[in-house]
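Chemist: sequence and predicted model, in that order:
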Amino acid sequence: MSAQPQPRRNWLVRGIAQIGEGGLFFLAILAALPKSLRHLREICRQVWFVGAMSLVIVMTCGLFTGMVLALQLYYTLSIFGGTAALGTVVALALFRELGPVLTAILVAGRAGTAVTAEIGLMRATDQIDAMEMMAVDPIAYIVVPRYLAGVIAMPLLMCLFNALGLFGGHLVGVNWLGVDNGTFWGNMTATVDLWKDILDGVWKSAAFGAVVMLIAVFNGYTTSPTSEGVAYSTTRTVVFSAIVVLAVDFVMTAFLT
């Protein structure tokens, strides 16, 4: 009679246990943070890997996101005779929501999976165990630099995403659809607020960077030392990052607004 609820209960217990393990792992990262600051060269290398190597996909998606936004919103605003507000609506949509969220999901798919696979391969080839035997803290040398790289690079990538999004919106709105250039930029600069709109997106992107990289390094560090385990952990990084980013976005939006 109790055979059917048993798998569900086991699944729930494993999920709660993994959340607890993730919290303890985050505390271990914070504890190793002062020690890892000695590895500034490794931190800079990881910022390059996470940030600079993600520029192409982030900037390309930002450009086309802004173009699609302008194209869709123009016809919606034209119904109410509000096409003069096109620049404002595009900017607010990018700064408040689309910029931070899409950048986080793109970085999770590009850099997060790479970090998980890299650390997972170190686990599978016993490199992490070898570091522990040589009295080298693997969390301070491997995990923390990649975690900090995500926190540092994510807001910068989000700014580039928004810049290319505004450029794409300008291309479609002004050069294609005929919105006045002065009206497009004038309404935008008069309405968009630095503290309320732009910096809220920066805080969101920093939080998303912390969450995405925590999921990436945790899945890589705790992966099973097999090829199937590494592949499974990489998939979990993408899926969990997308879900958690959207959940954190809802919570932060509720508090920030």
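Modeler: Received it, and whenever you're ready, just let me know what you need. Numbers count the residues shown, from 1 in each chain.
Chemist: give the contact list for G120.
Modeler: Applying Cβ atoms under 8 Å, 6 or more residues apart in numbering to G120 gives the contacts 219-220, 223, 229-230, 233-234. C-beta here means a position set from N, CA and C on the backbone, and glycine is covered the same way.
Chemist: may I see the buried residues of stretch 73-93?
Modeler: Neighbour counts over stretch 73-93 (16 or more other Cβ atoms under 10 Å) mark 73-74, 77, 83, 85-93 as buried.
Chemist: and it, C-alpha only, in PDB?
Modeler: The C-alpha coordinates for stretch 73-93 follow below in PDB (Å, rounded to 0.1, in the frame of the first residue of the first chain):
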ATOM      1  CA  LEU A  73       5.900  47.200 -29.600                       C
ATOM      2  CA  TYR A  74       5.600  49.700 -32.500                       C
ATOM      3  CA  TYR A  75       2.500  48.000 -33.900                       C
ATOM      4  CA  THR A  76       1.100  47.600 -30.400                       C
ATOM      5  CA  LEU A  77       1.700  51.200 -29.500                       C
ATOM      6  CA  SER A  78       0.300  52.400 -32.900                       C
ATOM      7  CA  ILE A  79      -3.100  51.100 -31.900                       C
ATOM      8  CA  PHE A  80      -3.200  53.600 -29.100                       C
ATOM      9  CA  GLY A  81      -1.300  56.300 -30.900                       C
ATOM     10  CA  GLY A  82       1.700  56.100 -28.600                       C
ATOM     11  CA  THR A  83       4.500  55.300 -31.000                       C
ATOM     12  CA  ALA A  84       6.400  58.300 -29.600                       C
ATOM     13  CA  ALA A  85       7.000  56.200 -26.400                       C
ATOM     14  CA  LEU A  86       8.700  53.400 -28.400                       C
ATOM     15  CA  GLY A  87      12.200  54.300 -27.100                       C
ATOM     16  CA  THR A  88      11.000  54.400 -23.500                       C
ATOM     17  CA  VAL A  89       9.200  51.100 -23.600                       C
ATOM     18  CA  VAL A  90      12.100  49.300 -25.300                       C
ATOM     19  CA  ALA A  91      14.600  50.800 -22.700                       C
ATOM     20  CA  LEU A  92      12.500  49.900 -19.700                       C
ATOM     21  CA  ALA A  93      11.900  46.300 -20.900                       C
END
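Chemist: that stretch: how far from the chain's middle?
Modeler: 27 Å (Cα atoms, centre = their mean, to the nearest Å).
Chemist: and what of stretch 65-72?
Modeler: For stretch 65-72, the distance to the chain centre is 21 Å (Cα atoms, centre = their mean).
Chemist: before we move on, the earlier item: just the buried residues of stretch 73-93 now: which is nearest T257?
Modeler: L92 (12.0 Å; Cβ to Cβ).
Chemist: what helix or strand is the closest one located in?
Modeler: Assigned by DSSP states H and E, L92 belongs to helix 86-93.
Chemist: past that helix, which element shows up next along the chain?
Modeler: Counting by DSSP H and E, the next helix or strand C-terminal to helix 86-93 is helix 99-107.
Chemist: circling back: which other helices and strands contact the helix holding L92?
Modeler: When contacts are defined as 3 or more Cβ pairs under 8 Å, 6 or more residues apart in numbering; DSSP states H and E, helix 86-93 packs onto helix 55-79, helix 144-170, helix 181-191.
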